[in-house]
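# what follows is a predicted structure for the sequence shown.
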Amino acid sequence: MPLSEHEQRLLEQIERALVDDDPKFASSVRTGDRRLKARRKLQLGALLVLVGLAVLVAGPVTGSVILGVAGFLVAFGGVALGVLNYRSATGAVEAAGPTGPRGSSAAGRGGRTRQPMKNRLEERFRRRYDQ
C-alpha cells in the first residue's frame with residue numbers, strides 16, 4: 001500500500017532529522033543490503049581458503065616452510081571470514097529461539113533470559129536518545 005503525501009512528508013522529515021542528529025548512523029543505514037555484503041565476504045573467504053591451500057601445498061614442494069605457514073594463515077583467515085559471515089549471508093541470523101539445543105529455556109538454567117545482541121543494542125540506542 002503506498003504512503004499518503006502526509007506520511008511521505010513525515011518520513012522525509014524524520015530522515016532529515018536522523019541525518020542531522022547522527023550522519024554516520026544514517027549513512028550506514030543507507031548503504032544497502034547487508035546480506036549482499038556478507039555473501040561477498042563469504043565468497044572471498046572461500047577464495048582465500050582455496051588460495052591458502054594451494055600455497056600450503058606449494059610450501060613443501062618448494063621446500064619453504066615459510067611459504068607453508070603463510071598458506072596455512074591465508075586458509076585460516078578465509079575460514080574465519082566465512083564462519084563470521086555465514087549467518088548473515090544466509091539470512092539465518094534470527095533463527096535461534098529462546099530454547100537451547102536440548103529444548104531447555106535460558107530461564108531454567110539460572111534465571112536469566114538471554115536477549116539477542118541486536119535487541120540489546122537497540123535497547124541501548126533507545127536509552128541513549130531517551131536521556
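Yep, that arrived. Just so it is clear, the structure is predicted and the values come from calculations on it, not from any experiment.

# show me what the helix or strand harbouring Gln8 is packed against.
Assigned by DSSP states H and E, Gln8 belongs to helix 5-21. Judged by 3 or more Cβ pairs under 8 Å, 6 or more residues apart in numbering; DSSP states H and E, helix 5-21 is in contact with helix 23-30. Using the backbone N, CA and C atoms, a C-beta is placed for each residue, glycine as well.

# what residues sit buried inside the helix or strand following the helix it packs on?
Of the helices and strands lying after helix 23-30 in sequence (DSSP H and E), the nearest is helix 34-62. For helix 34-62, the neighbour count (16 or more other Cβ atoms under 10 Å) marks 38-39, 41-42, 45, 48-49, 52, 55-56, 59 as buried.

# from those residues, pick the one nearest Val79.
The nearest member of those to Val79, counting by Cβ to Cβ, is Val49 at 5.9 Å.

# quick one: contacts for the closest one?
75, 78-79, 82 (Cβ atoms under 8 Å, 6 or more residues apart in numbering).

# ok, 7 Å please
75, 78-79 (Cβ atoms under 7 Å, 6 or more residues apart in numbering).

# just Ala38 next, same as before
Ala38 touches 85, 88-89, counting by Cβ under 7 Å, 6+ apart.

# using PDB, write out every CA atom in stretch 7-15.
The C-alpha trace of stretch 7-15 is given here as PDB (Å, rounded to 0.1, in the frame of the first residue of the first chain):
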ATOM      1  CA  GLU A   7       3.100  10.200   5.500                       C
ATOM      2  CA  GLN A   8       5.800  10.800   2.900                       C
ATOM      3  CA  ARG A   9       6.400  14.300   4.200                       C
ATOM      4  CA  LEU A  10       6.700  13.000   7.800                       C
ATOM      5  CA  LEU A  11       9.000  10.300   6.700                       C
ATOM      6  CA  GLU A  12      11.200  12.800   4.900                       C
ATOM      7  CA  GLN A  13      11.300  15.000   8.000                       C
ATOM      8  CA  ILE A  14      12.300  12.000  10.100                       C
ATOM      9  CA  GLU A  15      15.000  11.100   7.700                       C
END
